[in-house]
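[1] here is my input, please return the structure:
(one chain, ligands or ions: 1)
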Amino acid sequence: MNRRGWCPSLFAPMQSGDGMLLRVKPRLGVIPAPEARALADAARQLGNGMLGLTNRGNLQLRGFTEESAAEFARIIVALGLANPDPASEARRNVAAPPLIGLDPALHPGCFDLVRRLDDTLARRTEFAPLHGKFGIVVDGGGALPMSDVACDILLQPDRDGVLISLDGSVMAARVKQDEAVDATLNLIRAFIAAGPLRRMREANADAIFAAAGLSPAAMRLLRPARPAIGALPGAFGLGLPFGLLQAADLEALADLAEMRGDSTLRLTPFRALLIPGITALPRLALPATKAITDPGDPLLRVQACPGAPYCASASVNTQEAGVLVAAELTWQGVLHVSGCKKGCARPTRSPLTLVGDAGAWTLVRNGRADGTAELYRQPLTTIVQHLAAETSGVR
Ligand code: SF4
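    So this is what the prediction gives:
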């Protein structure tokens, strides 16, 4: 069963086509190298060894049973990568800038905002009604702005205080830096009082601002996201095809971080891992994943689920197909490659979706993996030829 709207966590895994799926949310997205190796080993022993980055910069792991998921959670808590209280852990949904403490252009107030919000949400049971998908993002500018990361509340510190906006709106309230945490908590209280709601987009934003005693105006800072790939301030970014890597890759990166970096790895919401302390790519051979080092690589626009042989529901190799299509075609927008109609990698509509079906491929245009087929059960080469033949290119 794939429950739409359900948000899997470490202690509440979700049943997926390839077993139980769960998430790990390291604080500030930082994983020390020894913990990364231990996590990778547990993922291989207890799950299917495949790890993915979520669009909030968390780790998603798959292929567990109920029993092995419980054992994995115990290990993650022992490693210090999660709060032992499940309810408290579920409320920790504050995404930090990946280059916090590394990028001198990043606003220095980010760390304090993230730490205080994360601690307060975890500690106070008054916030228990928040849905697991409800998330806060702190964007301090710099080399990797976070303002495009989907969230319910966005905080943007600048020289005049902090701008607070809701659900991607350009309307923002300005508060003083030392009032920003209280203002955010009041917005969350107003949201809970307006409920039961899951996401801020379901609420009346004007009413939420008013209930929190804030007056918004059109002033949110728009900072488009950039690829977190290549040399960055204080770190090197490695793009992961489809945001996926295998346990052996995480172990190899942990070794590299210890040998050449500051002995940590950082997760990002941009399908890339950062290695702090190195600014040039050393000779790097990951055992299983071809890391992306070119920010213009078309593979960055392909989203794929693990597929065969990692998922029992898949009859096709989604990752090989994604690489082949990216090499053969040019197109605008996202290409979604799904091992079956469940569409785990991208539940929303995409310009193009390839869906595995009985060892062949179905093409869906402007839809989800379970959408209406434009081509039905064809070899991949036939679909590539069909798309390449379009004189206007793939839309
Ligand atoms: S979409 Fe992919 S990962 Fe999800 S159940 Fe289907 S094959 Fe498995």
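[2] for whichever residue of the stretch 101-250 of the chain sits closest to the ligand, which residues make a bridge with it?
    Nearest residue of the stretch 101-250 of the chain to the ligand: Leu244, at 10.5 Å (Cβ to the nearest ligand atom). In short, each C-beta sits where N, CA and C put it, glycine included. Beta bridges link Leu244 to Gly52 when assigned by DSSP bridges.
[3] so what touches the helix or strand containing Val355?
    Using DSSP states H and E, the element containing Val355 is strand 350-357. Under the contact criterion Cβ atoms under 8 Å, 6 or more residues apart in numbering, strand 350-357 has outside partners 303, 307-308, 314-316, 318, 321, 325, 331-341, 343, 346, 361-369, 371, 373, 376-377, 380, 383, 387, 394-395.
[4] now it: average pLDDT?
    Average pLDDT, strand 350-357: 94.
[5] strands paired with it, and their directions?
    Strand pairing for strand 350-357, using DSSP bridges, gives strand 335-338 (parallel), strand 360-367 (antiparallel).
[6] phi and psi next, for Ile164.
    Backbone torsions for Ile164, taken as degrees, to the nearest 10, come to phi -120, psi 120.
[7] wait, Ile31
    phi -130, psi 110.
[8] quick check: bridge partners of it?
    Legend: beta-bridge partners of Ile31 under DSSP bridges are Leu265.
[9] do you know the pLDDT at it?
    We have a pLDDT of 98 for Ile31.
[10] hang on, isn't it packed against Leu265?
    Yes - taking Cβ atoms under 8 Å as the definition, Ile31 is a contact partner of Leu265 at 5.0 Å.
[11] quick one: stretch 54-65 near the ligand?
    No - between stretch 54-65 and the ligand, judged by Cβ under 6 Å from any ligand atom, nothing touches; the nearest distance is 7.1 Å.
[12] now that stretch - C-alpha only, PDB.
    The C-alpha coordinates for stretch 54-65 follow below in PDB (Å, rounded to 0.1, in the frame of the first residue of the first chain):
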ATOM      1  CA  THR A  54      14.800  13.800  -0.300                       C
ATOM      2  CA  ASN A  55      13.900  17.300  -1.400                       C
ATOM      3  CA  ARG A  56      14.300  18.400   2.200                       C
ATOM      4  CA  GLY A  57      17.900  17.200   2.400                       C
ATOM      5  CA  ASN A  58      17.100  14.000   4.400                       C
ATOM      6  CA  LEU A  59      18.100  10.400   3.700                       C
ATOM      7  CA  GLN A  60      15.400   7.900   2.500                       C
ATOM      8  CA  LEU A  61      16.100   4.200   2.800                       C
ATOM      9  CA  ARG A  62      14.100   1.300   1.400                       C
ATOM     10  CA  GLY A  63      13.600  -2.400   1.400                       C
ATOM     11  CA  PHE A  64      13.000  -3.000   5.200                       C
ATOM     12  CA  THR A  65      10.700  -5.400   7.000                       C
END
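[13] for it, buried residues please.
    Within stretch 54-65, the residues that count as buried by 16 or more other Cβ atoms under 10 Å are Thr54, Arg56, Gly57, Asn58, Leu59, Gln60, Leu61, Arg62, Gly63, Phe64.
[14] pLDDT (mean, whole number) over that stretch?
    In the prediction, stretch 54-65 has an average pLDDT of 92.
[15] please apply the same query to stretch 183-198.
    For stretch 183-198, the mean pLDDT works out to 95.
[16] mind listing what's buried in it?
    By neighbour count on 16+ other Cβ under 10 Å, the buried set for stretch 183-198 is Ala183, Thr184, Leu185, Asn186, Leu187, Ile188, Ala190, Phe191, Ile192, Leu197, Arg198.
[17] likewise stretch 117-134?
    The neighbour-count check on stretch 117-134 (16+ other Cβ under 10 Å) flags Leu117, Asp118, Thr120, Leu121, Ala122, Phe127, Leu130, His131, Gly132, Phe134 as buried.
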